[in-house]
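> 3D model of this:
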Amino acid sequence: MAGSSPQYNATAKPAKPTTIFNIFSPKKNNLCTFAFIVSLCIASYLLGSFHQSRSGIFSNTATAINEACDSSTTTNPDASSAADDLAENGSKTLDFSTHHLATADMESTEVKLKPYPSCNVTYSEYTPCQDAKRSLRFDRDRLRYRERHCPEKQEILKCLVPAPYGYRNPFSWPASRDLAWYANVPHKELTVEKAVQNWIRYEADRFRFPGGGTMFPNGADAYVDDIDNLINLKDGSIRTAIDTGCGVASWGAYLLSRNIVTMSFAPRDTHEAQVQFALERGVPALIGILASKRLPYPSRAFDMAHCSRCLIPWNKFGGVYLIEVDRVLRPGGYWILSGPPINWEKHYRGWQRTQEDLNNEQVSIESVAKSLCWTKVVQINDIAIWQKPLNHLNCNVNRKLSKSLPFCPAHDPDKAWYTEMETCLTHLPEVSSGEKISGGELAKWPERLNAIPPRIRTGSVEGITAEIFEENSQLWKSRVSYYKQVNNQLGQPGRYRNLLDMNANLGGFAAALIDDPLWVMNVVPVEAKINTLGVVYERGLIGTYQSWCEAMSTYPRTYDLIHADSVFSLYKDRCEMEDILLEMDRILRPEGSVIIRDDVDVVVKMKKIIDAMNWDSRIVDHEDGPHVREKLLFAVKLYWTAPASSDNSS
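Okay, here's the model as predicted:
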C-alpha cells in the first residue's frame, strides 16, 4: 500500500550549533583557588542539570518561527546558541505562506532517518472509516454499511496520503464559496448528474458553484430568502443549523452571510465528493448519514434543521430519523422540509411517483411530527416548517391521554458516539411553567458567544462554573494573540479558512477567532473527562464528537490549520502517537499549519515523528515563559503531490 517516498519541497537544515566550554588549567601554587573553582563548577553543573530536567526544552530544528520566537528565551544551552547563531547569520523564519503554484514537482534536498513513505496515489482521497471496500462487509439494512467502520489496528496505513498531482491552494474566502480548482477534486460526475439542477459547473481548470439545488432553481440565496420570509433569520435567534443530505452545501454556504453557521453532512456515496466539494468551498461539513447510530452531536444543539430533497425516509422505521432530529434540535427550534412529499400535487409526475404514495408519505410524516409534539408553522409552495415545543409540559399531558410515542428511559441524551438510535422521545429538562424554555433561554447572536451558557448557568456541566467559563474565555484570547505573534499569517484574512480544534473544551480557541473570516470545527474527544460539546453549541459554535484513536469522518486535505491542546497527553497509553500524527497529516492541506501544546516530554517525542513526516517545525516556549513545563510546537506541512502519471487520472 505504500509507494516511494514523497517529493518534498524542503530546505537543508543548518548544522546543529555546538556549545564551547572553556577549560582552565590552574597553576600548582594556587591549589586553593583551583579547588574553589572546581567546587563552583560542580555546583553549577548540578544546579543546571536539575533546572534543565524540570523546565528545559530541546529545539533542534531547521528554522526559527519568526522574530517573536527568536526573542523568546529557552533553558536549553544548545537552543540558546542556535538563536545567537541565527541572529549573527541572518534570521530565518518558518514559512507559513504558500509557494507551490509555480512548480508542482520538487525534489527532496535532504535525507531523513526512516521517513514515512507516501501512500500509493490510489489513496489520495482515502477516508479510513468510510472506505468503500470495507463497507461491503457490513449489513445493508437501514444503510448501516455506509456508517463509520474503521480499520483494525493492523490495517492502519503507516504512510502519508498524497495530494493529487497539480494540487493548488484553495481560493480564499469568499471567492471559494463559488470556485474550486479541478485538480484538487478531480471529479466531473456531479457536473453531469446535476447539470439540470445547476449544482456545479466545470470551467477549464476549475469548478464553479452557481448556488443551484434540486429544490431551489432560482439559487440558494433566493431559497434562503424564501425561508426568511417564513421565519426570522435576521434577529440572531437562529445561529446554528444542520443540513441533512447537504449535497455540495450551498444552503450552508449562503446562510453564512446571515451569521448562521451550518453543520452540513452527506454520506460518501454514488454522488462523488459532495462533502469534499463543500470543504473545498470553505463551508463546514462532515461525512455522515442517518442510519442506525445517533449523529455525533449533543442534544439541544441546533436552532434549525433542514432537508431539501435529501431522500431520507422520515416516515419509516417508526419515525426514528425524525426522532433523532428532535434530539439534536433546540427547544423552539425549526425543522424545514422541501422536496418529496411537500407540494406533491405539483411535482408527482416529475418525481415519478403516484399521488397516493406521496400523500401517504406526507400523512405519516405529519403523524410522526405530531407524536413529537411539534407544531406545523407553515407550508407554502415547496417549503414546510415545523417547530419543536419550548418544553414538554403540555406534551406530557397529551401523551397520557393519547398513549403515543413513549419517552426514553433515563439516560444521557448527549451520548452520541456509536450510540444506537431509539424510537422514543428524548426528555427535555424540567420547567416550572409552560412559558419556560427547557434547559434555559439562550441569548441572541452575537451576545450568545460570550454569555454564560445555560448548561453552565444551571450547573449541569460538572465542575464548570460561570467564573471558570469567563476566565477560560480571557485565557484563550491571550493565547490566540500569542499564536498570531508566532504565526503572523494566522492574523491575515484569507490565509486560513477551515480550522480544526482537536480538543476544544469550552470552545475558547474558536471564540477568540470569531472576528476572522474563518470557521472552526470544535472536537470534544469522547475520552475527555467532561462532555462540553453542548456548551460549545450554546455559544453559537459548531463541533463534533471524535475519538482520536480513530480517523475523522472527513476527506484528506480538509483543514488549513489544526490546533491540538493536550491531545497527546489525553491519549497517552490509549493509542499510538504516530497514528494520531499520521491522521493529522491526512486531513491537513499541503502547506497547512499545526499548533500543538502539551507537556515538554510529550512534545519532544512528538517532534521526532513530525521530523520523520518531513514537516517543518519548531518548539516554542509557553506564552508565560520558559519555566512552564507545557510547550508549544508550531509546524508546517510541506508541499508535495503524487507524481504526474496516467494512473493519477483514476
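> Help me confirm that I609 is found in a helix?
Yes - looking at I609 with DSSP: H, G, I helix; E, B strand; the rest coil, it is inside a helix.
> Begin at 41, not 1, for the rest of this chat.
Noted, 41 is the first residue going forward, which turns the last one into I649.
> Could you tell me which residues make contact with it?
Residues touching I649, when contacts are defined by C-beta atoms under 8 Å, 6 or more residues apart in numbering, comprise M617, E618, L621. The way it works is simple: take the backbone N, C-alpha and C, and place the C-beta from them, glycine included.
> same thing with Q170?
Residues counted as contacts of Q170 (C-beta under 8 Å, 6+ apart) are R186, R188, H189, P307, R308, I327, S593.
> ok, back up a step: which of the contacts of I649 are buried?
Neighbour-count burial (16 or more other C-beta atoms under 10 Å) is assigned, among those, to M617, L621.
> tell me which of the contacts of I649 is nearest to P666?
Ranked by distance to P666 (C-beta to C-beta), the contacts of I649 are led by M617 at 24.1 Å.
> picking that back up, possible to save the contacts of I649 as CSV with distance to G665?
Below are the contacts of I649 laid out as CSV (distance: C-beta to C-beta, whole Å):
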residue, distance to G665
M617, 26
E618, 31
L621, 27
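> nearest to L678, of the contacts of I649?
Closest to L678 out of the contacts of I649 is L621 (14.6 Å), distances taken as C-beta to C-beta.
> Check whether that closest one sits in a helix, strand or coil.
In the three-state summary, L621 is assigned as helix, counting by three-state DSSP.
> Same check on K154?
Local secondary structure at K154 is given as coil here, using three-state DSSP.
> From V560, how far out is it?
K154 sits 34 Å away from V560 when distances are taken as C-beta to C-beta, to the nearest Å.
> and the two? which has more neighbours close in?
With neighbours defined as other C-beta atoms under 10 Å, K154 and V560 compare such that V560 has more, 27 against 6.
> count of neighbours near the closest residue to that one other than its chain neighbours?
With sequence-adjacent residues excluded and distances taken as C-beta to C-beta, 6 or more residues apart in numbering, V560 is closest to A550, at 3.6 Å. The number of residues packed around A550, counting by other C-beta under 10 Å, is 26.
> Assumed A550 was part of a helix.
Yes - the assignment for A550 is a helix, going by three-state DSSP.
> thought it was touching D556?
No - counting by C-beta atoms under 8 Å, A550 stays clear of D556, with 10.2 Å between them.
> just to revisit the earlier point, and the contacts of Q170, which of them are in helices?
Within the contacts of Q170, membership in helices is found for no residue, as judged by DSSP state H.
> So which one of these is the model least confident about?
The member of the contacts of Q170 with the lowest pLDDT is R308, at 86.
> Help me confirm that that one comes into contact with Y185.
No - under the criterion of C-beta under 8 Å, R308 is not in contact with Y185, lying 11.1 Å apart.
> Now do stretch 492-499: everything it contacts.
If you take C-beta under 8 Å, 6+ apart as the criterion, stretch 492-499 is touched by 469, 479-482, 501, 504-506, 509-510, 574-575, 578-579.
> rerun at 10 Å
Residues lying outside stretch 492-499 but in contact with it, judged by C-beta atoms under 10 Å, 6 or more residues apart in numbering, are 338, 340, 454, 469, 477-483, 491, 500-501, 504-510, 546-547, 571-572, 574-580.
> So for R308 and Y185, which sits in the more crowded spot?
Neighbours were tallied for R308 and for Y185 using other C-beta under 10 Å; the higher tally belongs to R308 (23 against 17).
> Spit out the contact partners of that one.
165, 167, 169-172, 175, 186, 314-316, 327-329, 593, 595.
> could you redo the last one with a cut-off of 7 Å?
If you count contacts by C-beta atoms under 7 Å, 6 or more residues apart in numbering, R308 has them with T167, Q170, I327.
> Repeat that for N543.
In this structure, N543 makes contact with V563, P565, A604, D605, S606, V607, L610, judged by C-beta under 7 Å, 6+ apart.
> Setting aside sequence neighbours, what's the nearest residue to D600?
The spatially closest residue to D600, leaving aside those adjacent along the chain, is Y536, at 4.1 Å (C-beta to C-beta, 6+ apart).
> In this structure the one you found contacts D556, no?
No - using C-beta atoms under 7 Å, Y536 and D556 do not qualify as a contacting pair, with a distance of 8.2 Å.
> before we move on, the earlier item: nearest to G379 among the contacts of Q170?
P307 (17.0 Å).
> Count residues in the vicinity of that closest one, would you?
P307 has 20 neighbouring residues, counting by other C-beta under 10 Å.
> In helices only, show me the contacts of N543.
V607, L610.
> Report the two of the contacts of N543 separated the most.
Taking C-beta to C-beta as the measure, these have their most distant pair in V563 and S606, spaced 12.7 Å apart.
> With neighbour numbers in mind, choose between those two.
Between V563 and S606, counted using other C-beta under 10 Å, the more crowded position is V563 (25 against 17).
> ok now do the more buried one, which residues does it touch?
L540, D541, M542, N543, A544, G583, T584, Q586.
> partners of it in the sheet?
In this structure, V563 has beta-bridge partners T584, where bridges are defined by DSSP bridges.
> again with Q427
Taking DSSP bridges, one obtains Y374, T415 as the residues bridged to Q427.
> burial count for A260?
For A260, the count of nearby residues is 25 (other C-beta under 10 Å).
> make that N654, sorry
Here the count is done by other C-beta under 10 Å, and N654 has 21 residues near it.
> Which element, helix or strand, includes the nearest residue to A684 once chain neighbours are set aside?
Take A684 and drop its neighbours on the chain: the residue closest to it by C-beta to C-beta, 6+ apart is Y205, 4.8 Å away. According to DSSP states H and E, Y205 maps onto no helix or strand at all.
> isn't Y205 right up against P630?
No - proximity of Y205 to P630 does not meet the contact threshold set by C-beta under 7 Å, at 12.0 Å.
> could you pull out the strands for the stretch 341-490 of the chain?
342-348, 369-378, 415-420, 423-427 (DSSP state E, counting those that start in this stretch).
> and the next element down the chain from the helix or strand of the chain with the lowest mean pLDDT?
Among the helical and strand segments of the chain, the one scoring lowest on mean pLDDT, DSSP states H and E is helix 117-129, with a mean of 35. Of the helices and strands lying after helix 117-129 in sequence (DSSP H and E), the nearest is helix 172-175.
> any idea how far that following helix is from the chain center?
In terms of C-alpha atoms, centre = their mean, to the nearest Å, the gap separating the centre of helix 172-175 from the centre of its chain is 24 Å.
> Need the distance between the two termini of stretch 664-674.
Start to finish, the residues bounding stretch 664-674 are 16 Å apart (C-alpha to C-alpha, to the nearest Å).
> no wait, stretch 664-673
Stretch 664-673 has an end-to-end distance of 15 Å (criterion: C-alpha to C-alpha).
> could you give the mean pLDDT of it?
97.
> buried ones in that stretch?
For stretch 664-673, using 16+ other C-beta under 10 Å, the buried residues are P666, E670, K671, L672, L673.
> Show me which of those residues is closest to F211.
The closest of the buried residues of stretch 664-673 to F211 turns out to be L673 (C-beta to C-beta; 29.2 Å).
> Quick check: which ranges of the protein have low pLDDT?
41-133, 140-153, 231-237, 309-312, 437-443, 686-690 (pLDDT under 70).
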